[in-house]
Each structure stands twice: as C-alpha cells, then as structure tokens.
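Undergrad: What would the 3D arrangement of this be:
(chains A, B, C and D)
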Number of protein chains: 2
Amino acid sequence: MPSFQKMDKQTVILSAAMKLFGQKGFEGTSVRDIASVAEVNPAMISYYFGSKEKLFEKLVEHKAAYLKGVFEELVNNTSLSQMEKLTIVVDRYIERMFQSPQFNHLLHRELSLERRPQLKNAISDILLRNFVSVRKIIQDGVEKGEFKKVDAELTIASVLGTINHMLSSEVMCRKMLQKGKDFNPFQSKKLKERIGEHLKQLMRSHLLVSNQ
Amino acid sequence: MPSFQKMDKQTVILSAAMKLFGQKGFEGTSVRDIASVAEVNPAMISYYFGSKEKLFEKLVEHKAAYLKGVFEELVNNTSLSQMEKLTIVVDRYIERMFQSPQFNHLLHRELSLERRPQLKNAISDILLRNFVSVRKIIQDGVEKGEFKKVDAELTIASVLGTINHMLSSEVMCRKMLQKGKDFNPFQSKKLKERIGEHLKQLMRSHLLVSNQ
DNA sequence: AAAAATTAATTAAACGTTTGTTTAATTCAA
DNA sequence: TTGAATTAAACAAACGTTTAATTAATTTTT
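TA: Residues are numbered from 1 along each chain as shown, chains lettered A, B, ... in the order given. As a prediction, the model looks like this:
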C-alpha cells in the first residue's frame, strides 16, 4: 500500500508481476497471485493488458527501456583507453545486476525455455545491442594494439557469465562463499566490490598486451 | 517408440520428464504432456512416483548420480600440474554441457526460482561437491606457487559462467556468434573447441605465475 | 455552474479448460 | 489365485478470461 501511493494501477500491476515472475517464473505465477500482490481485481489484468502473456511482453518492453543502448556513447569516446571503457562496462553490469537481479533472472530463464519464441527474440535483441557495443570496444582495443588478439564474443560471455553465475541463486551463492543464512548476496557491498575486483583483474591479465 | 525399446516404464517416464522439464520448465509441463511423450497412461506417474513433484526430485537424484564427485580423485593426483588438472576440469564441464544441456538448464533454472527450497538445497549440494574439488585444485596451485593469488571462488564462477552463458539459449548464442538458423550450438564441434580454447587461454593468463 | 450524457474504471460472479491426483475396474504376470 | 500393472473415468481445485452490473470520472449540454 504505502509503496504504491503514487503509482497508477497499471504500474502497480507491472511491479507485482515483475516481483512474482522473477520469484516463481511465468507459468508458476497465477493472474490471481499478481492481482493479490497488486491489490487489484484479477479482471483488471485482462482489462489493461489483454492477457497474462501480453502483460509479460509489456513488462519486458517497459523494463528493457532502461538498458537499451547504454554503451553506445561509450564506444565512440576518444578520451578513455579501451580498458577504461571496459571497466566502466563491467561496473555498470554489476550495478544493474545488484539493482534488479530478478529482472535478469527473468530474462535468462525465459531465454533458456523453449516457449514464446517471439518474446525470446525480443529479449535477445535487447541484450544483443549492448553486446555489440562491448564487442566493438574489445575489437577496437585489439586493433589499436592495446589488447591481445582474444575471442571477443567469449570474453564478453566470461564477464556476464561470471556475474550471472554468482548471483543466479542466493542459496548457491551462500554455499559457494561459505556464508551463513544471514548473508544476503544482493545487499552485500563487499560481494559487489569483490566481483568487480575479480573481473577487472581477470580482464587485465586476459586482455592487456603490457601484461605479457 | 524405438528409443524406448529397452527401457522400463519408470525410465521412459523419467526421460520424457527430463526432456519436457528442460524445454518448458516444471510448471510449464503437465503430467499429461509427460505421459503423452512417454506413451503411458497419466495415472502411471502418480502410481510410480507419487506426484509430479516427487518425479522431479527423483529425476534430479537419478541424473545427478552421473556428476557426483567426479573430480575427487583428480584433486589428489600428484603426477599432474595444477593447471593440467584445471584443464581437465574445464574439458569435462564443457563435455557435460554439450552432452545434456537441458539438464544444466533445468538445474540452474530451478536454482533461480524461489520455489521448492528443499530441492534447491539438494541441487546446490550436488553442484557444491564439484565446486569444492575445483577450489582445492586452485588453492593448491596458489600454495605451490604455480598460480597467482586469485579469488578461487570467483575464478570457478568465471569458468562455469562462461559455459552457461554461451549455451543457455540457442537463439542468443546464434545471435552473439552471428550465425544462421541452421547453426546448432549444441552439435557444433567447432564451438565446443572454441569455448575450450578461450577458457584455457583465460585461465592461463589469469592463473599462471609464469605469465607475469 | 448545474444537470445530463457519456465514457472509463472496477467489481463479483461465472465461464469453460486444464490442472494434478484418485478411484474402481480390468488386464497381466507369477 | 494372488498381487502388480494398466486403464478410462471422474474428482475437486486452480487456471486465464469474460460477462454483466455498478461505481467513478469525464465530457457535453443546458
């Protein structure tokens, strides 16, 4: 109630759907669940969005706006070294993952399912846009002689994969890091910094010619 | 039919469930779906396994047997260098992922959901066993002076994360690698070798003291 | 500015399916 | 002949969605 004060109903529904889809998956969440969390009548979901599936599409579209082409300007920046650019990329990916891990879970879970191919296509297009930017940063680094001749695509997979793998499950993360039940990965500044440190170190040794 | 010739019904059901849970997720798969693919009466699932959820648990338990503690002997091997051990680990992880990607998808998807905490615990315990072995390999390498002082846990996350990230979605993989519709990631020997090459190169530059 | 008319928002109830599971009868094998 | 295996049918519950009625808000007319 208090957190919904200034939202209109459509936004409240989207927020509730985001939360529940993230926690339980699309098929694991019922329209009545969403309506209950959003404190609206179940019929309002059909009324506003047409169907549960269209609500899902709208949700992805709505949320994806925040991560569309955020690296485009960075690619063409001339005052930074390629490694500095890559460092910024890493930090932003980590920041985003810690800010709304559920959305990332949702996207990757959806991609791993053989369902709703149209939505999968839309999601992969969104992710690809950033991917292409980062690849350009690496390729430019290689051409300039700042980076070694690496596999650019797989290098990106290593960066994103590391973050996703560490944060895809609270339980698993706690066990891997030998932490207690009170440790919340997504609220741990230390973990955030630790992942950042590891990735930057990894990228420096993997990419920098001066490291050879 | 032909592929089920020598299996008893329980195994046929497990195979069908594995396929469908992998493709559509647990909640996205109905008991009737499974029965249809397994060509058995839907009642047989309750009859043999008790419930859909218990079938899921049995499936994880059954499949997990193949990947339980496969690295234990490797840790104590004295004739191999730590990097050679790690190379074997990488190759085996890749091999497994290419052999049955659906099972890996299933495990990680389940871990990312906030459902069935008991099963999540069981899964993470299975995965953790290998994790601990690999960590020991890295830690031993550091102590022996063969490896740099790296973050062992996150180094493992980078290896597994890279593989998972590349192979979690056919569609996304094709787009990242700029391949056509006829490209099947899971049947591409080239991709397999490419991932292996990248990871070994990444690990060498990241870990080996002699690379500094 | 007040009243009337029109549109939008909201609701409870019901719709027809599909869900996982059980039952009771039947077939099969030992 | 006994127990296991198999079946079709039925079960209640939950599913996404629609309907029809009502309330709230907005616009138009007076």
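Undergrad: Name the residues of chain A found near DNA strand C, please.
TA: For chain A, the residues in contact with DNA strand C (CB under 7 Å from any atom of the strand) are A:Lys9, A:Val40, A:Asn41, A:Pro42, A:Ala43, A:Met44, A:Tyr47. The C-beta positions use only the backbone N, C-alpha and C, and glycine is treated the same way.
Undergrad: Scan those residues and report the most crowded one.
TA: A:Val40 (19 neighbours; other CB atoms under 10 Å in any protein chain shown).
Undergrad: Name the residue closest to the centre of chain A, please.
TA: The residue lying closest to the centre of chain A (CA atoms, centre = their mean) is A:Asn104, at 3.8 Å.
Undergrad: Return the distance of it relative to B:Met18.
TA: As for A:Asn104, its distance to B:Met18 is 26 Å (criterion: CB to CB, to the nearest Å).
Undergrad: between the residues of chain A next to DNA strand C, which is nearest DNA strand D?
TA: Ranked by distance to DNA strand D (CB to the nearest atom of the strand), those are led by A:Ala43 at 3.5 Å.
Undergrad: do stretch A:175-182 and chain B meet?
TA: Yes - for stretch A:175-182, a contact with chain B is found by CB under 8 Å from any CB of the partner chain, at A:Lys175, A:Met176, A:Leu177.
Undergrad: Output those in CSV; the columns should cover pLDDT and neighbour count.
TA: Converted to CSV, these look like this (pLDDT from 0 to 100; neighbours: other CB atoms under 10 Å in any protein chain shown):
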residue, pLDDT, neighbour count
A:Lys175, 98, 17
A:Met176, 98, 22
A:Leu177, 98, 16
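Undergrad: which parts of chain A sit against DNA strand D?
TA: A:29-33, A:42-43, A:45-47, A:50-53.
Undergrad: go again using 10 Å as the cut-off
TA: A:24, A:26-36, A:41-47, A:49-56 (CB under 10 Å from any atom of the strand).
Undergrad: just so I have it, where are all the helices in chain A?
TA: Along chain A, counting by DSSP state H, helices occupy A:9-24, A:31-38, A:43-49, A:52-64, A:72-76, A:82-99, A:101-112, A:117-144, A:152-167, A:170-176, A:189-207.
Undergrad: If you count contacts, what does the last one end up packed against?
TA: If you count contacts as 3 or more CB pairs under 8 Å, 6 or more residues apart in numbering or on different chains; DSSP states H and E, helix A:189-207 packs onto helix A:82-99, helix A:152-167, helix B:152-167, helix B:189-207.
Undergrad: which one is the residue in chain A that DNA strand C sits nearest to nearest to, not counting chain neighbours?
TA: Nearest residue of chain A to DNA strand C, counting by CB to the nearest atom of the strand: A:Asn41, 3.3 Å away. If the residues on either side of it in the chain are set aside, A:Asn41 comes closest to A:Ala35, at 6.3 Å by CB to CB, 6 or more residues apart in numbering or on different chains.
Undergrad: need the contact list for that neighbour.
TA: Residues counted as contacts of A:Ala35 (CB atoms under 8 Å, 6 or more residues apart in numbering or on different chains) are A:Ile13, A:Ala16, A:Asn41, A:Pro42, A:Met44, A:Ile45.
Undergrad: about what we covered before: take the helices and strands packed on helix A:189-207 and lay them out in a markdown table including mean pLDDT.
TA: Converted to a markdown table, the helices and strands packed on helix A:189-207 look like this (pLDDT from 0 to 100):
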| stretch | mean pLDDT |
| --- | --- |
| helix A:82-99 | 97 |
| helix A:152-167 | 98 |
| helix B:152-167 | 98 |
| helix B:189-207 | 98 |
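Undergrad: Reformat those helices as TSV; add mean neighbour count.
TA: Converted to TSV, these look like this (neighbours: other CB atoms under 10 Å in any protein chain shown):
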stretch	mean neighbour count
helix A:82-99	18
helix A:152-167	24
helix B:152-167	24
helix B:189-207	18
